[in-house]
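J.: Okay, predicted coordinates and the sequence, questions at the end:
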Amino acid sequence: MWSLHNWLVSKLALPDDDEAMVKRKKTLIWFFVTTLILSASALSVVSFTSAKIASFLAAVVNSIALIWLFVYKKPSDTLIELVGYADVIGIILADYNNMGAMLPRLWPLSVVIVDVMLVCRIRSRSSIVVIITLCLWLVISSAEQATRFGLLDVGGADFNGDHEYRRAVCSCSNLPCTRDFSGVSVTLFLMVSIFLLDFYFTRGFADEVLAE
């Protein structure tokens, strides 16, 4: 796998590439290929229609960005931004799907998106937009967990396929059941804190690498 990666990087090499550009291309190849595979896999896993659409769009944008990289041998910051936005939207909707089906949450995958955008020195506003979007999603989804105000009923979401599994771990009439507000608040605080700390340290690392 590593030799294949090095071969792909060699195909993208240009005579005027400096060390920073070579590292950037290496990172982007892994990023585009991995997110493309994840987006395509999500199409057969999620049941919520909007999540399927978002996963399909994310796969398309990742494919375009990967093709651009191989055709022009230079990454496009605009395409990388679009990939980041598309992937984050797909992750949020897939996380919504799993939240309703009481399956493992997927939002932590978005941390990788932010890290790649920081390391590749994409415009800082893009990272900030992604971070604000994700923090808002964490707040909204936590509020839904604490109060069940109806988020999981929006858009005709259908989680009946997982009904038996959900009933086995939660015995209220409106699945999934609400959680204790204090517990949800503590969990939300920890999630947002870890996310922001990751952003702070990764940005510092990226700045140090750029300075070198």
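T.: Now that the structure is in, tell me what you want to look at.
J.: what about Leu103, is that helix, strand or coil?
T.: Using DSSP: H, G, I helix; E, B strand; the rest coil, the secondary structure recorded for Leu103 is coil.
J.: cool, Asp17 as well?
T.: Put simply, Asp17 is coil when judged by three-state DSSP.
J.: Within the helices and strands, which one has the closest residue in space to it that isn't next to it in sequence?
T.: Nearest residue to Asp17, sequence neighbours excluded (Cβ to Cβ, 6 or more residues apart in numbering): Lys25, at 7.7 Å. C-beta coordinates here come from the backbone N, C-alpha and C atoms, glycine included. When secondary structure is defined using DSSP states H and E, the element that contains Lys25 is helix 19-42.
J.: ok, then the element right after that helix?
T.: Next along the chain after helix 19-42, with elements defined by DSSP H and E, is helix 49-72.
J.: other SSEs contacting whichever helix in the chain runs longest?
T.: With secondary structure taken from DSSP state H, the chain has its longest helix at helix 181-211. Contacts defined by 3 or more Cβ pairs under 8 Å, 6 or more residues apart in numbering; DSSP states H and E place helix 181-211 against helix 109-119, helix 124-147.
J.: which stretches of this protein aren't confidently modelled?
T.: Along the chain, the model assigns pLDDT under 70 to residues 1-12, 14-15, 47-48, 121-124, 155-176, 206-212.
J.: what about the residue lying closest to Ile92 once chain neighbours are set aside, distance to Lys52?
T.: The shortest distance from Ile92 to any non-neighbouring residue, by Cβ to Cβ, 6+ apart, is to Trp137 (5.1 Å). Using Cβ to Cβ, to the nearest Å, we find Trp137 at a distance of 18 Å from Lys52.
J.: Tell me who's in contact with Ala40.
T.: Ala40 is in contact with Ser55, Ala59, counting by Cβ atoms under 8 Å, 6 or more residues apart in numbering.
J.: Centroid-nearest residue for the chain?
T.: Closest to where the C-alpha atoms of the chain average out (Cα atoms, centre = their mean) is Ser110, at 3.0 Å.
J.: Was I right to think that one contacts Ile131?
T.: No. Ser110 is not in contact with Ile131 according to Cβ atoms under 8 Å; the separation is 9.1 Å.
J.: on that earlier part again, who touches the residue nearest to Ile92 in this structure?
T.: Ile92, Asp95, Trp107.
J.: For those residues, which single residue is the most surrounded?
T.: Each of the contacts of Trp137 was scored for neighbours by other Cβ atoms under 10 Å, and Asp95 scores highest at 24 neighbours.
J.: show me the contacts for it.
T.: Applying Cβ under 8 Å, 6+ apart, we find Asp95 in contact with Arg105, Leu106, Trp107, Trp137, Ser141.
J.: switch the cut-off to 10 Å
T.: With contacts defined as Cβ atoms under 10 Å, 6 or more residues apart in numbering, Asp95 is in contact with 46, 51, 103-110, 134, 137-138, 141.
J.: Just the buried ones out of those, please.
T.: When those are checked for burial by 16 or more other Cβ atoms under 10 Å, the buried set is Val46, Ala51, Leu103, Arg105, Leu106, Trp107, Leu109, Ser110, Leu134, Trp137, Leu138, Ser141.
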